[in-house]
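*Asks:* just to be clear, the model below is a prediction. Sequence and coordinates:
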Amino acid sequence: MPAALAPAAQVFAAVRARRPRVHCLTNNVAQAFTANVLLAIGAVPSMSGDPAEVAAFVAGADALLVNLGMLTPAAREAIGEAVAAASAAGRPWVLDPVFADRSPARADYARRLVAAGPSAIRLNEPEAAALGAACLAAARARGAVVAISGARDRIGCADRESVVETGHPLMAEVTAMGCALGAVVAACLSTALNACAATIAAVEGFGAAGARAGAKAGGPGSFVPLFLDELHGLSGPRDQLERHS
Amino acid sequence: MPAALAPAAQVFAAVRARRPRVHCLTNNVAQAFTANVLLAIGAVPSMSGDPAEVAAFVAGADALLVNLGMLTPAAREAIGEAVAAASAAGRPWVLDPVFADRSPARADYARRLVAAGPSAIRLNEPEAAALGAACLAAARARGAVVAISGARDRIGCADRESVVETGHPLMAEVTAMGCALGAVVAACLSTALNACAATIAAVEGFGAAGARAGAKAGGPGSFVPLFLDELHGLSGPRDQLERHS
Amino acid sequence: MPAALAPAAQVFAAVRARRPRVHCLTNNVAQAFTANVLLAIGAVPSMSGDPAEVAAFVAGADALLVNLGMLTPAAREAIGEAVAAASAAGRPWVLDPVFADRSPARADYARRLVAAGPSAIRLNEPEAAALGAACLAAARARGAVVAISGARDRIGCADRESVVETGHPLMAEVTAMGCALGAVVAACLSTALNACAATIAAVEGFGAAGARAGAKAGGPGSFVPLFLDELHGLSGPRDQLERHS
């Protein structure tokens, strides 16, 4: 008899059952990998960044990712439309303030987006420092989950902080890994779970898949396909198919 | 003595012999994978979407792909230039109306492009429904091949409909698979074959490579490199190299 | 006792020790692969092409890559800002005039960039022919290294020409391989070595990784992850980890 699924696996199973549409405004570098990560967990990605149609895409989606990796004037306009559409429709949205530590204008812009009320913020230590502790504490007070990636991942909710220690060093040697995690958080937020539990599950499952792939990989190149295979297996789709057959 | 090549393999061998240049106006998510798919079958991809130079690229190409995955004002301008250049030069072009079912404005735009006379239209069931049966029937009456992807692929020509049942379920769990098929159809159309036979061969060969890769893959991640290897082998390049050595 | 590292491996070890930031203005097709190539050799990629912030990114970077693969008006503006910022800060920068042979306007633009004083120019034979021998000779006279990729790679410095014969035929069947080499040249230029030796090492190491990956690959798909693993191993990170443990 198979063991019961761990909590993270239950969330990933809920994602696969729901097949949420996740609209991603993300940087060019991350788009294809993010789409493949979402497909691997059973979500349905879309990526259009055209200001003229982004509101329609968000209105038809179950969650939104806003990643600042490569800003342009058109991207800023699309982000404004998308956040308004997500807020109007009550959809969860995730902010990933990529490289907020590299340009002051970008940090300012990221702080304004934090104030617009994301459900979760996914970032790394230098980006968190650039936004500032006060900015992130205020976000948590308003109900946002703040997930800071690093050797140990720290997930801060309104009243508690959790530490997740899954993962593998090769995850830092592949581009867009953090960006893709932001999309996975968005997918998990679209399940009925509370945002804190959903984000912890997303980070745990993502790291567990990385640890398994890293144990088999010969380097960062072979890591990527193994990682997607492990993500695909997280909710046990093949196991479950076998149980039901 | 090697067995005779199947009809689809003959078309892929013709592509490899001709090394057609295929200019692709396609979405960011699909660009790298599409380029690698074209290189794997022996075609030469280019992807510039700059309205200022797209006509020069199309005039120097053997076929054109117009994929609507990520529209922007500049993309629409480039598409207009490219379709005009392809029509003026008598080059085959393929339309892939991605996400025509997600936004009414996009469906309208796709219908106008159908009226501009593509050689082939590659789409899925929801996109076909969004364009409407009348639109697609009119396209077939004007000579366009209509290839609808699904569990079974249906290729409709002027006077007949063919069903292709190659493929693998993992093909639906990798991003840009349908977009890349559109580029393969464009490459096959650049051979001297009639458009109907070329499109059927493209769909068959693409699906056969997917079936072989899927039988070996551990999930959607490991599927991708195996799929490209299988596409590369479709026209038997290594066999032929061995015969000549 | 491990054998002494070959000269190219010493340069790659210097890159890994320095962890240079390499800002890349490159085409959409090449971005993700280029980022993964840079991460594999221990460099830190950034890719923003927004004219409003590109100067800040370049000022904080150790080297710049300017790749013309997909020009747009905004890309041209960003290139101007980036080249000015790199020149002002004394940072090495690499020009890759992709497809200069496909459009006369692009060749003109590339020649103007050659005159702006890149540290190195990475291109293929048709692109070199489009720029013209006089243009490239003048660049070498001003101190630029000119690296022409082909079956044999030729690296021309002020006073000598070197030939590098590493590499593998599969490298020509994967997209963005030459673009990624341009980024590796930029990373190697950021070490203290003279530009000629750094460029030769970049081309040699890149080709050596390709040769090793090609010997194991089943085709162009499986080549890519193997190639990144080999690049990752070039400076012997796993060896060194073992020695210290």
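*Replies:* Done, it's in.

*Asks:* longest single helix anywhere in chain A?
*Replies:* Assignment by DSSP state H gives helix A:195-216 as the longest helix of chain A.

*Asks:* buried ones in that one, by neighbour count?
*Replies:* Under the neighbour-count criterion of 16 or more other CB atoms under 10 Å in any protein chain shown, helix A:195-216 has A:195-214 buried. From N, CA and C alone the C-beta is placed, and that goes for glycine too.

*Asks:* need the contact list for the residue nearest the centre of chain A.
*Replies:* For chain A, residue A:182 is the residue whose C-alpha lies nearest the centre (CA atoms, centre = their mean; 1.7 Å). Residues near residue A:182 by CB atoms under 8 Å, 6 or more residues apart in numbering or on different chains: A:26, A:65, A:67, A:94, A:96, A:122.

*Asks:* so what pLDDT did the last one get?
*Replies:* I take that to be residue A:122. Looking at residue A:122, its pLDDT stands at 98.

*Asks:* what sits against residue A:129?
*Replies:* residue A:101.

*Asks:* so which strand or helix has it?
*Replies:* Residue A:129 is part of helix A:125-131, with elements assigned from DSSP states H and E.

*Asks:* next structured bit after that helix?
*Replies:* helix A:133-141.

*Asks:* show residues contacting that following helix.
*Replies:* With contacts defined as CB under 8 Å, 6+ apart, helix A:133-141 is touched by A:111, A:114-115, A:118, A:121, A:128, A:146, A:156-158.

*Asks:* go again using 7 Å as the cut-off
*Replies:* With CB atoms under 7 Å, 6 or more residues apart in numbering or on different chains as the test, helix A:133-141 has contacts from A:111, A:114, A:121, A:128, A:146, A:156-158.

*Asks:* now the element after that helix, going C-ward?
*Replies:* strand A:145-149.

*Asks:* list the strands paired with that following strand, with their directions.
*Replies:* Note on strand A:145-149: by DSSP bridges, its sheet partners are strand A:120-124 (parallel), strand A:153-156 (antiparallel).

*Asks:* let's have those in TSV, adding mean neighbour count.
*Replies:* Formatted as TSV, those follow (neighbours: other CB atoms under 10 Å in any protein chain shown):
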stretch	mean neighbour count
strand A:120-124	27
strand A:153-156	21
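
*Asks:* looking at the ones you listed, which is closest to residue B:34?
*Replies:* Closest approach to residue B:34 among those is made by strand A:120-124 (29.0 Å; CB to CB).

*Asks:* figure out how far the closest one is from the centre of its chain.
*Replies:* 8 Å (CA atoms, centre = their mean, to the nearest Å).

*Asks:* could you export that strand as PDB, CA atoms only?
*Replies:* The C-alpha coordinates for strand A:120-124 follow below in PDB (Å, rounded to 0.1, in the frame of the first residue of the first chain):
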ATOM      1  CA  ALA A 120       3.100  36.500  -2.400                       C
ATOM      2  CA  ILE A 121       6.500  38.000  -3.000                       C
ATOM      3  CA  ARG A 122       9.300  35.700  -4.200                       C
ATOM      4  CA  LEU A 123      12.900  37.100  -4.100                       C
ATOM      5  CA  ASN A 124      16.500  36.500  -3.000                       C
END
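
*Asks:* what is the orientation angle of it with helix A:195-216?
*Replies:* Per axes from the mean of the first three to the mean of the last three CA atoms, to 10 degrees, the angle that strand A:120-124 makes with helix A:195-216 is 40 degrees.

*Asks:* can you list contacts of strand A:120-124?
*Replies:* In this structure, residues lying in contact with strand A:120-124 by CB under 7 Å, 6+ apart are A:94-97, A:114, A:139, A:144-150, A:178, A:181-182, A:185, A:189, A:195, A:199.

*Asks:* now do the strands in chain A.
*Replies:* Secondary structure of chain A by DSSP state E: the strands cover A:21-25, A:44-46, A:63-67, A:93-96, A:120-124, A:145-149, A:153-156, A:161-164.

*Asks:* mind putting those strands into JSON lines with distance to residue B:233?
*Replies:* Output for these, formatted as JSON lines (distance: least, CB to CB, whole Å):
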{"stretch": "strand A:21-25", "distance to residue B:233": "34"}
{"stretch": "strand A:44-46", "distance to residue B:233": "30"}
{"stretch": "strand A:63-67", "distance to residue B:233": "37"}
{"stretch": "strand A:93-96", "distance to residue B:233": "39"}
{"stretch": "strand A:120-124", "distance to residue B:233": "41"}
{"stretch": "strand A:145-149", "distance to residue B:233": "40"}
{"stretch": "strand A:153-156", "distance to residue B:233": "42"}
{"stretch": "strand A:161-164", "distance to residue B:233": "42"}
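
*Asks:* how about those, which one is nearest residue C:34?
*Replies:* Of all these, strand A:63-67 comes closest under CB to CB, at 18.5 Å.

*Asks:* now the residue nearest to the centre of chain A: how far from residue B:47?
*Replies:* 26 Å (CB to CB, to the nearest Å).

*Asks:* for residue B:59, find the nearest of the strands paired with strand A:145-149.
*Replies:* Evaluated over these, closeness to residue B:59 peaks at strand A:120-124, with 45.2 Å, by CB to CB.

*Asks:* now do that closest one against strand A:63-67, angle only.
*Replies:* In terms of direction (the same axes, to 10 degrees), strand A:120-124 departs from strand A:63-67 by 30 degrees.

*Asks:* distance check, residue A:185 against residue A:120.
*Replies:* 5 Å.

*Asks:* hey, what's in contact with both of the two?
*Replies:* By the contact definition CB under 7 Å, 6+ apart, residue A:185 and residue A:120 are jointly contacted by A:94, A:147, A:199.

*Asks:* which one of those residues is nearest to chain C?
*Replies:* When the shared contacts of residue A:185 and residue A:120 are ranked by distance to chain C (CB to the nearest CB), residue A:94 comes first, at 20.4 Å.
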